[in-house]
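**Q** okay, sequence plus prediction incoming.
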Amino acid sequence: MSVCTVPDLRRLSHFIAVVDASGFTRAAAQLHLSQQALSSSVRQLEKDLGATLLVRSGRRISLTAAGQTLLDEGRTLLAAARTITQHTQAAASAKPDEFVVGHSPAITNHDVYALIEPAIAEAPSTSFTVRQMFPDQLVAGVRDGSVHLGLRRGVVPQERLATTVIRYDTLRVAVRSDHPLAGRTHLAMADLAGEFIALWAPPGESGYSDFLINACRRAGFEPQYRVSRVQGCPPEVAAITEDAAAFVTAPPGPAVDGAVTVIDVAEPLLVPLQALWQPHTGSAVRDLILRCRP
């Protein structure tokens with residue numbers, strides 16, 4: 001039986017630095033190493049793994065297929081190693097643990113609190129921080145370990161991240177209370193044809209925006225949209241600030257002190273709530289949240 005060799009993390013970081021710097025000269029200067037030492041480190045990594053990672057042509061380098069694989073998955077491994085180090089150091093200190101939850105603008109603080117409330121009760125020594133973040137910042141934070149659990153609407157395949165769908169929420173439509181649709185108890189998706197739709201990020205930059213656009217298309221129309229210029233407030237506010245129909249998970253009826261009316265959609269529209277976290281890491285608090293999800 002062959003023995004699987006685990007890459008040396010220091011050599012792995014050297015390899016990634018060379019790729020990021022597009023060569024050994026700049027990487028060696030950044031790492032405060034001689035080019036000879038850096039080259040020897042990368043060659044030893046290739047020897048350890050039994051694979052050629054770089055094709056060297058003078059001062060230029062290019063990645064082999066094995067090198068591309070190691071680059072992609074090695075970044076995840078190094079990020080996980082940093083997180084494990086932080087967890088170990090935190091356990092050795094007297095400071096309380098900190099757990100950071102990031103969420104996209106389409107998810108309210110109330111939604112997040114309802115999700116983490118059981119964990120707050122069961123982990124009294126942990127300090128919780130909740131941050132609203134745009135989707136690209138959210139994914140980057142989860143990847144580098146600064147966000148321990150990310151929450152977003154819709155389902156977006158994320159390579160090299162662990163994900164699960166926590167639950168499905170019913171979407172409703174919020175409009176200004178003086179809007180002609182506000183007197184309805186139910187509306188069909190097709191009733192929104194010709195209306196502006198409020199989004200929290202442009203299509204293509206948010207899986208949730210793509211979900212909403214596609215829901216309109218399935219109803220037979222190409223939606224007009226406005227990206228909300230007010231972030232961090234309850235989603236229903238977009239009905240006022242953008243003078244548009246906003247998809248929300250709030251209960252039907254008046255909202256925002258009566259300025260907005262939330263209406264049920266005749267054809268139930270369910271949107272998933274997706275959780276994301278850094279692979280190769282463990283977290284008792286994260287396990288509590290995912291286990292106690294509503």
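**A** Good, I have the coordinates.
**Q** can you list the strands that the strand or helix carrying Arg131 pairs with?
**A** Using DSSP states H and E, Arg131 falls within strand 126-132. As defined by DSSP bridges, the strand partners of strand 126-132 come to strand 97-103 (parallel).
**Q** now do the helix or strand that the strand it pairs with is followed by, average pLDDT.
**A** Heading C-terminal from strand 97-103, the first helix or strand you meet, by DSSP H and E, is helix 109-122. Mean pLDDT, taken over the full extent of helix 109-122, equals 92.
**Q** what's helix 109-122 in contact with?
**A** Outside helix 109-122, the residues that touch it by C-beta atoms under 8 Å, 6 or more residues apart in numbering are 99, 101, 103, 126, 128, 130, 132, 151, 166, 249, 273, 285, 288-289, 292-294. Where you see a C-beta, it was placed from the backbone N, CA and C, and this is true even at glycine.
**Q** in the chain, which helix is the longest?
**A** When the chain is scanned for its longest helix (criterion: DSSP state H), the result is helix 65-92.
**Q** which strands or helices does that one pack on?
**A** Contact analysis of helix 65-92 by 3 or more C-beta pairs under 8 Å, 6 or more residues apart in numbering; DSSP states H and E lists helix 9-20, helix 135-144 as its packing neighbours.
**Q** in a markdown table: those helices, plus mean pLDDT and mean neighbour count.
**A** A markdown table is the format used below for the helices and strands packed on helix 65-92 (pLDDT from 0 to 100; neighbours: other C-beta atoms under 10 Å):
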| stretch | mean pLDDT | mean neighbour count |
| --- | --- | --- |
| helix 9-20 | 90 | 19 |
| helix 135-144 | 89 | 19 |
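**Q** among the helices and strands of the protein, which has the poorest mean pLDDT?
**A** helix 65-92 (a mean of 81; mean pLDDT, DSSP states H and E).
**Q** let me see the contact set for Ile61.
**A** Residues near Ile61 by C-beta under 8 Å, 6+ apart: Val18, Val19, Ser22, Gly23, Phe24, Leu54, Val55.
**Q** now the residues you listed: which count as buried?
**A** Among the contacts of Ile61, those classed as buried by 16 or more other C-beta atoms under 10 Å are Val18, Val19, Gly23, Phe24, Leu54.
**Q** which among the residues you listed gets closest to Leu181?
**A** Of all the buried ones among the contacts of Ile61, Leu181 sits closest to Val19, with 53.9 Å by C-beta to C-beta.
**Q** related to what we said a few turns ago, tell me which residues of the strand holding Arg131 come out buried.
**A** By neighbour count with 16+ other C-beta under 10 Å, strand 126-132 contains the buried residues Phe128, Gln132.
**Q** that concludes my questions; thank you for your assistance.
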